[in-house]
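In: build me a model:
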Amino acid sequence: MFSYEEIQKYNESDIRIYKYIISNTDKVQYMTIRELAKELQVSASTILRFCNKNNFDGYSEFKDALKKEMTLQTACLPMEDLQELSDFFARANSSAFEEKLLFAADVIRKADLIIFIGMGSSGTLAKYGARYFSNMGHFAVGLEDALYPIESFCWKNTAVIACSESGETERLIEAVNQFRKKKCSVLSITNSPLSTLAKLSDWNFSYNLNTKRINGGYNGTTQVPVIFVIEALAKRI
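Out: Numbering: from 1, shown residues only. Predicted coordinates for the structure are as follows:
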């Protein structure tokens with residue numbers, strides 16, 4: 001129902017509406033446009049513009065499509081976490097997704113050095129990305145230390161792939177800025193296309209899933225899309 005092509009055009013308000021709808025489909029399909037607008041603290045015209053961006057003439061047509069989608073899903077209702085991933089892979093199964101990957105693959109293919117970088121859980125993904133790329137015959141280095149002395153080295157024709165769910169990790173952003181000063185190509189994988197890291201990058205892939213905080217604030221957001229994108233890129237270069 002929500003295509004990858006359309007999600008890439010979303011602004012901050014659109015992403016908030018989208019995330020609310022996919023998390024509350026049972027509720028939204030019976031809400032009026034005013035009730036939904038009040039719940040999200042936006043205007044009814046903002047909801048209507050969101051419907052138009054997704055190729056619906058109005059809110060009524062959008063709700064009808066949502067109800068049909070729900071009817072199809074009830075035939076075999078997956079668990080909540082599987083539903084979220086199922087929605088992601090449904091969006092990824094498109095020509096726009098493939099075109100986006102091919103652009104990044106071309107940048108990486110032309111680089112003499114590939115560096116993955118991240119912190120925390122994303123640092124682990126950076127190490128995995130470097131290992132997987134190397135397994136596929138594309139030597140890469142994984143950095144979990146964003147305080148690496150980047151300024152001390154000459155990075156010739158380097159592609160940097162930065163991983164961060166929030167895209168707002170200060171030390172990582174500082175490191176990316178240093179790579180940019182060294183004329184490196186910066187690609188990033190984040191949850192939101194509106195994050196600072198995404199905006200700093202020459203290319204960004206955003207997976208747009210609900211952020212989950214657990215155990216006092218630790219990030220429990222699924223990282224399956226990140227692994228999928230890393231492996232897809234490695235196979236295309």
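
In: okay, residue 91 and residue 146: tell me how far apart.
Out: In this view, residue 91 and residue 146 are 30 Å apart by C-beta to C-beta, to the nearest Å. From N, CA and C alone the C-beta is placed, and that goes for glycine too.

In: touching, residue 223 and residue 165? I think so.
Out: Yes: assessed by C-beta atoms under 8 Å, residue 223 is found in contact with residue 165 at 7.4 Å.

In: those two: which has the busier surroundings?
Out: residue 165 (26 against 21; other C-beta atoms under 10 Å).

In: which ones are touching the spatially closest residue to residue 12 that is not a sequence neighbour?
Out: Nearest residue to residue 12, sequence neighbours excluded (C-beta to C-beta, 6 or more residues apart in numbering): residue 194, at 5.3 Å. Residue 194 is in contact with 11, 12, 15, counting by C-beta atoms under 8 Å, 6 or more residues apart in numbering.

In: so the last one sits in a strand?
Out: No: with the criterion set as DSSP: H, G, I helix; E, B strand; the rest coil, the secondary structure at residue 15 is helix rather than a strand.

In: I'd assumed residue 195 was in contact with it.
Out: No: contact criterion C-beta under 8 Å: residue 15 and residue 195 do not qualify, at 11.0 Å.

In: who has more neighbours out of these two?
Out: Set side by side, residue 15 and residue 195 show more neighbours around residue 195, with 21 against 18, by other C-beta under 10 Å.

In: show me the shaky parts of the protein.
Out: Flagging of the chain using pLDDT under 70 yields the residue ranges 72-80.

In: can you pull out the strands in it?
Out: 113-117, 140-143, 158-164, 185-190, 203-206, 213-214, 218-219 (DSSP state E).

In: for residue 133, find the nearest of these.
Out: When the strands of the chain are ranked by distance to residue 133, counting by C-beta to C-beta, first place goes to strand 140-143 at 3.9 Å.

In: now the common contact residues for residue 223 and residue 165.
Out: 121, 122.

In: helices of this protein, start to end?
Out: Assigned by DSSP state H, the chain shows helices spanning 4-7, 12-23, 25-28, 33-40, 44-53, 59-73, 80-92, 95-109, 121-135, 170-181, 196-200, 224-235.

In: what's the last one in contact with?
Out: Contacts of helix 224-235 from elsewhere in the structure, counted by C-beta under 8 Å, 6+ apart, are 85, 88-89, 92, 101, 104-105, 108, 122, 125, 128-129, 132-133, 136, 138, 161, 163, 189, 205, 207, 209.

In: now the buried members of the residues you listed.
Out: 85, 88, 92, 101, 104-105, 108, 122, 125, 128-129, 132-133, 138, 161, 163, 189, 205, 207, 209 (16 or more other C-beta atoms under 10 Å).
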